[in-house]
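Participant: Sequence isn't available, so here's the structure alone:
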């Protein structure tokens, strides 16, 4: 008896074929790279158009980049939908379990950390005592040196954290690429009537699927860029780019 065809089952079938015949994560990585480049170009053009406020410029550049990403998804769907139309149902011929699947083992290495503690040893036999004034002066000196080093690295570290946030958001989109492409293919083929054996299934618009899968990562990225631009603007009021902020920071240290 033939099992009923469901949307989730067809998505899984498309996802398996995508992972077997292509490289969906590599393809999405390429799309994300183009998207990031378009964001930088948009920020550059907006800067020369007179939008000097970093917060709003970064937010608008992220919005433009997201539109470019959606356009790239539409182009990908237009070129690949017919290749996956009417995939034969071979579910009964293949095992359902993933006995040969890869298993990833994360093993942590227990390391040894050695460092000077806050304890002190006293030679009672000799009766030597460390003067309190010199000890306190040393502690204060170390604190001041640490504060100076932290202040020197504050802005560069903030910029690195911003870049790390952008990378993590991109990695999430790349990681979910097989499911994203599978759902886009299914909805695109249903809308175009290419998936003949699923004509009775109600599909969604591909844009709805794309927004549902990618909107929040891009929204968080845009919010992160807006807040970063706003904070950098507060720190260096006359700066209109990250390079100008770093230059201002270097001048403040000297």
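Facilitator: Good, I have the coordinates. Being a predicted model, the structure only gives us computed values, none of them experimental.

Participant: same for the helix or strand where residue 178 lies, what does it pack against?
Facilitator: Assigned by DSSP states H and E, residue 178 belongs to helix 177-192. Applying 3 or more C-beta pairs under 8 Å, 6 or more residues apart in numbering; DSSP states H and E, we find helix 177-192 packed against helix 7-21, helix 24-48, helix 54-80, helix 206-235. Any C-beta I mention is one placed from the backbone N, CA and C, and that applies to glycine too.

Participant: relative to helix 24-48, how tilted is that helix?
Facilitator: With axes from the mean of the first three to the mean of the last three C-alpha atoms, to 10 degrees defining the directions, helix 177-192 sits at 90 degrees from helix 24-48.

Participant: sorry, back to before: adding mean pLDDT, distance to residue 172 and mean neighbour count, write the helices and strands packed on helix 177-192 out as JSON lines.
Facilitator: Output for those, formatted as JSON lines (pLDDT from 0 to 100; distance: least, C-beta to C-beta, whole Å; neighbours: other C-beta atoms under 10 Å):
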{"stretch": "helix 7-21", "mean pLDDT": "87", "distance to residue 172": "17", "mean neighbour count": "16"}
{"stretch": "helix 24-48", "mean pLDDT": "95", "distance to residue 172": "10", "mean neighbour count": "17"}
{"stretch": "helix 54-80", "mean pLDDT": "94", "distance to residue 172": "13", "mean neighbour count": "18"}
{"stretch": "helix 206-235", "mean pLDDT": "91", "distance to residue 172": "5", "mean neighbour count": "17"}
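
Participant: Could you dump those helices into TSV and include distance to residue 160?
Facilitator: TSV is the format used below for those (distance: least, C-beta to C-beta, whole Å):
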stretch	distance to residue 160
helix 7-21	33
helix 24-48	17
helix 54-80	16
helix 206-235	11
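
Participant: nearest residue to residue 172 other than its sequence neighbours?
Facilitator: The spatially closest residue to residue 172, leaving aside those adjacent along the chain, is residue 217, at 5.2 Å (C-beta to C-beta, 6 or more residues apart in numbering).

Participant: Now for that neighbour: which residues touch it?
Facilitator: Each residue near residue 217 by C-beta atoms under 8 Å, 6 or more residues apart in numbering is listed here: 169, 172-173.
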